[in-house]
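A.B. asks: No sequence on hand, only this structure:
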């Protein structure tokens, strides 16, 4: 009897001429040479041969569940503390900046400041006198309108800027370690004193709150033991929430280490793979 069979491996269809004295026959695919068993159907009904896969049925291999620990919960508690410290820091941002930078100053850290002065038409102004009010530091801008000050005390510093023919100005600038503190200032022509430019503590508070919110999102991921990448991101971004004496940064680093040590617990809900 003749019939058509399809190879279960390469899906190649071919015609078979088999004796009708057996219900099952082992055949070889002419295309991929794989062997399989076919089962004959009732040919009186005009049905063709159908194949029957040889060997054991496919199995689903489930991922092994590891015992749960309290590490993700501990990380969540720590990140919650980071959030609280960050919000508190944002409320008292100016005090936080002064306190933290005072601590950094005790370790001998200082900052570098570059001040660029231009007029209202964006032309550089030379020979502008710049003086730090609380420090015994002063200098003049060069031909390109810039003045550089090295090893400046950290914190919020007040500077006076003046030149004949221009309105004098007072600026509050933030001096931090490691980064280059570049200040761009514009002078207006005329006489007298322009409005004092105070340090924008509100903007600093807003940035700290954003970093703290990421730590809060990491708390949710840790409690649910889901989205490992979100938990890790929350702990890393939480480092920049700082906090008094940088306690927020320290706690975020600790939370990150705990999350990485318990990362396998965030994968307990994965499905098994089919082979």
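C.D. replies: Thanks, I have the structure now. Everything numeric in this text was worked out from a predicted model, so none of it was measured. Residues are numbered from 1 along each chain as shown.
A.B. asks: And for residue 85, the neighbour number?
C.D. replies: Using other CB atoms under 10 Å, residue 85 has 26 other residues around it. C-betas here are computed from N, CA, C, even on glycine.
A.B. asks: What's the separation between residue 229 and residue 255?
C.D. replies: 15 Å (CB to CB, to the nearest Å).
A.B. asks: The residue nearest to residue 154 when sequence neighbours are not counted sits in which helix or strand?
C.D. replies: Distances taken as CB to CB, 6 or more residues apart in numbering place residue 101 nearest to residue 154, at 4.1 Å, with adjacent residues excluded. For residue 101, the element it lies in under DSSP states H and E is helix 93-106.
A.B. asks: need the next SSE after that helix, C-terminal direction.
C.D. replies: Downstream of helix 93-106 (by DSSP H and E), the next one is strand 111-119.
A.B. asks: Which positions in that next one come out as buried?
C.D. replies: Of all the residues in strand 111-119, those buried under the rule 16 or more other CB atoms under 10 Å are 111, 112, 113, 115, 116, 117, 118.
A.B. asks: what angle do it and helix 93-106 make?
C.D. replies: 130 degrees (axes from the mean of the first three to the mean of the last three CA atoms, to 10 degrees).
A.B. asks: Identify all contacting residues around strand 111-119.
C.D. replies: Applying CB atoms under 8 Å, 6 or more residues apart in numbering, the external contacts of strand 111-119 come out as 124-125, 128, 130, 141, 145-154, 159, 161, 166, 173, 175-189.
A.B. asks: Then stretch 126-135?
C.D. replies: 115, 117, 137-145, 147, 149, 152-153, 157-163, 166, 187.
A.B. asks: circling back to that earlier point, when you filter the contacts of strand 111-119 down to buried only, what's left?
C.D. replies: 125, 128, 130, 141, 145-147, 149, 152-154, 159, 161, 166, 173, 175, 181, 183, 185, 187.
A.B. asks: quick one: which of these sit in strands?
C.D. replies: 130, 146-147, 149, 152, 159, 161, 173, 175, 181, 183, 185, 187 (DSSP state E).
A.B. asks: Need those residues in JSON lines (columns: pLDDT and distance to residue 73).
C.D. replies: Below are these laid out as JSON lines (pLDDT from 0 to 100; distance: CB to CB, whole Å):
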{"residue": "130", "pLDDT": "94", "distance to residue 73": "54"}
{"residue": "146", "pLDDT": "93", "distance to residue 73": "53"}
{"residue": "147", "pLDDT": "93", "distance to residue 73": "54"}
{"residue": "149", "pLDDT": "92", "distance to residue 73": "49"}
{"residue": "152", "pLDDT": "89", "distance to residue 73": "45"}
{"residue": "159", "pLDDT": "93", "distance to residue 73": "49"}
{"residue": "161", "pLDDT": "92", "distance to residue 73": "54"}
{"residue": "173", "pLDDT": "86", "distance to residue 73": "43"}
{"residue": "175", "pLDDT": "85", "distance to residue 73": "41"}
{"residue": "181", "pLDDT": "82", "distance to residue 73": "41"}
{"residue": "183", "pLDDT": "88", "distance to residue 73": "46"}
{"residue": "185", "pLDDT": "90", "distance to residue 73": "51"}
{"residue": "187", "pLDDT": "91", "distance to residue 73": "57"}
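A.B. asks: Can you give the distance of the lengthiest helix in the chain from its chain's centre?
C.D. replies: Counting residues, the longest helix found in the chain (DSSP state H) is helix 201-224. On the basis of CA atoms, centre = their mean, to the nearest Å, helix 201-224 sits 12 Å off its chain's mean C-alpha point.
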